[in-house]
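Q: fold the following and give me the result.
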Amino acid sequence: MGLVTGQFNEAFTPIMDGVTNVVRNYAYWLNRKYGISYVVTPHFPNYEDKEEFEVLRYHSIGVPTRPPYRTGLPVPDIQFIRRIRTIPFDIVHAHSPFSAGRIAMNIAHKRGIPIIASFHSKYYDDLRESLKLEGAARIGVSMIVDFYNSADFVWTVNNATAGTLREYGYKGRIEVVNNGTEFETAEDRKAEGRTVNERLYLKPDERVFLYVGQLVWQKNLKVLIQALARLRDMGMDYKMLIAGMGYAGEDLKKLVADLNLNDRVIFLGAVYDRSYLKSLFCRADLLLFPSLYDNASIVLQEAASQKCPALLVKGSNTAEGVIDGVNGLLCENSPEAIANKIFNAVQHADLEKIGEKAHDTLYRNWESIVDEVYGRYKEIVNAYKRIRA
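A: You can find the predicted model right below:
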């Protein structure tokens, strides 16, 4: 018989970010192969869950500085409390140290079951952006470290992210559990790309760059847009597709207009259609992802699944495992460096070969990841039972 598990996170669909992707695929594959898994997350207005597993929602309010994100309300939600009390969890997994994570911690301590806490995000950057006060952000980080100190097991998505958690002050044991993607490699990449050409009126031979992610300044998007302007000034023709939404969206569009890039940059908004998103990776010649904020962005996995090479900033957490010119492109963090790297790669590098190598070395599907996760869950639950016997 399988386990009853809970995935607790501060965001879930229709908010599509990397952690939502992790939580959704954990719950999907655990339910499909290994028992029952529930997602526990704040309520989202006017949205109806349509997942194959149960999603438990509780009262929430919007986060003014981070739309469309929401956080749980510290008031009793009687219907939610009654439902969650009936679920015989064997293990709970917190993907956030905030309200959802606190609910998971409370359940684990009251019921005497193990809790895993995954560290996904650079919370200091988020808090500093939201609170505008460095001192307040550091106090917030100390509270987050206290949360991870209270967990039985702490996971991160790669070694660089473990280093970030250490920098925050966490001194306990850390296990690395990588991310994946549900995308299977397209049988005919060019045919998939033609669907994008038809939808966006692109020419078959047009050079296409792609960004997928939240439209927030932490993602280094100002530098990216400035690099695109320099690339135009260097005489390169291209179309830049930007897929995502976020608080900086309107300001980003204004920056594009101010730099006279409207004829080159296409804002696609949030792309919820996963098959269409897969086609975007097939059509793109290069994924541009200069974020210093992300820890192990799933976008890199998604690109690699379709043999699309990525440009990343050297030394960023997401760049772990990427070798410049072999399975990706690495550059310094400046508009000049990014523009020069793109220009030289298009002129001289074999981007198709680099994309093939990215597929061979970076791509893993979620099913194989969750197979390993479930094996670890079983080990933890069994060990916990022996200790408490």
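Q: CA only for contacts and neighbour counts going forward, please
A: OK.
Q: need the longest helix for the chain.
A: helix 366-388 (DSSP state H).
Q: that one: how far from the chain's middle?
A: 23 Å (CA atoms, centre = their mean, to the nearest Å).
Q: CA-only coordinates of that helix, as PDB, when you get a sec.
A: The C-alpha coordinates for helix 366-388 follow below in PDB (Å, rounded to 0.1, in the frame of the first residue of the first chain):
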ATOM      1  CA  TRP A 366       9.500  14.300 -13.400                       C
ATOM      2  CA  GLU A 367       8.400  10.700 -13.300                       C
ATOM      3  CA  SER A 368      12.000   9.500 -12.700                       C
ATOM      4  CA  ILE A 369      12.500  12.300 -10.100                       C
ATOM      5  CA  VAL A 370       9.300  11.400  -8.200                       C
ATOM      6  CA  ASP A 371      10.300   7.700  -8.300                       C
ATOM      7  CA  GLU A 372      13.400   8.700  -6.200                       C
ATOM      8  CA  VAL A 373      11.300  11.100  -4.000                       C
ATOM      9  CA  TYR A 374       8.900   8.300  -3.100                       C
ATOM     10  CA  GLY A 375      11.800   5.900  -2.300                       C
ATOM     11  CA  ARG A 376      13.100   8.600   0.100                       C
ATOM     12  CA  TYR A 377       9.700   9.200   1.600                       C
ATOM     13  CA  LYS A 378       9.400   5.400   2.300                       C
ATOM     14  CA  GLU A 379      12.800   5.300   4.000                       C
ATOM     15  CA  ILE A 380      12.000   8.300   6.200                       C
ATOM     16  CA  VAL A 381       8.500   7.100   7.200                       C
ATOM     17  CA  ASN A 382       9.900   3.600   8.100                       C
ATOM     18  CA  ALA A 383      12.800   5.000  10.000                       C
ATOM     19  CA  TYR A 384      10.500   7.400  11.900                       C
ATOM     20  CA  LYS A 385       8.200   4.500  12.800                       C
ATOM     21  CA  ARG A 386      11.100   2.500  14.200                       C
ATOM     22  CA  ILE A 387      12.400   5.400  16.300                       C
ATOM     23  CA  ARG A 388       9.000   6.000  17.800                       C
END
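Q: by contact count, what packs against that helix?
A: For helix 366-388, the packing partners by 3 or more CA pairs under 8 Å, 6 or more residues apart in numbering; DSSP states H and E come out as helix 18-33.
Q: any buried residues in the helix it packs on, and which?
A: Across helix 18-33, burial judged by 16 or more other CA atoms under 10 Å covers 18-31.
Q: which residues does the nearest residue to Leu73 once chain neighbours are set aside bridge with?
A: Once flanking residues are discounted, Leu73 sits nearest to Ser60: 4.8 Å by CA to CA, 6 or more residues apart in numbering. Using DSSP bridges, the bridge partners assigned to Ser60 are Gly72.
Q: ok, back up a step: switch the buried residues of helix 18-33 over to JSON lines; also include pLDDT and distance to Glu134.
A: Formatted as JSON lines, those follow (pLDDT from 0 to 100; distance: CA to CA, whole Å):
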{"residue": "Gly18", "pLDDT": "89", "distance to Glu134": "25"}
{"residue": "Val19", "pLDDT": "94", "distance to Glu134": "25"}
{"residue": "Thr20", "pLDDT": "95", "distance to Glu134": "27"}
{"residue": "Asn21", "pLDDT": "94", "distance to Glu134": "30"}
{"residue": "Val22", "pLDDT": "96", "distance to Glu134": "29"}
{"residue": "Val23", "pLDDT": "98", "distance to Glu134": "30"}
{"residue": "Arg24", "pLDDT": "97", "distance to Glu134": "33"}
{"residue": "Asn25", "pLDDT": "97", "distance to Glu134": "35"}
{"residue": "Tyr26", "pLDDT": "98", "distance to Glu134": "34"}
{"residue": "Ala27", "pLDDT": "98", "distance to Glu134": "36"}
{"residue": "Tyr28", "pLDDT": "98", "distance to Glu134": "38"}
{"residue": "Trp29", "pLDDT": "98", "distance to Glu134": "40"}
{"residue": "Leu30", "pLDDT": "98", "distance to Glu134": "40"}
{"residue": "Asn31", "pLDDT": "98", "distance to Glu134": "42"}
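Q: which member of those is positioned nearest Ile242?
A: Each of the buried residues of helix 18-33 was scored against Ile242 by CA to CA, and Gly18 proved nearest at 16.3 Å.
Q: state the distance from that closest one to Ala345.
A: For Gly18, the distance to Ala345 equals 28 Å [CA to CA, to the nearest Å].
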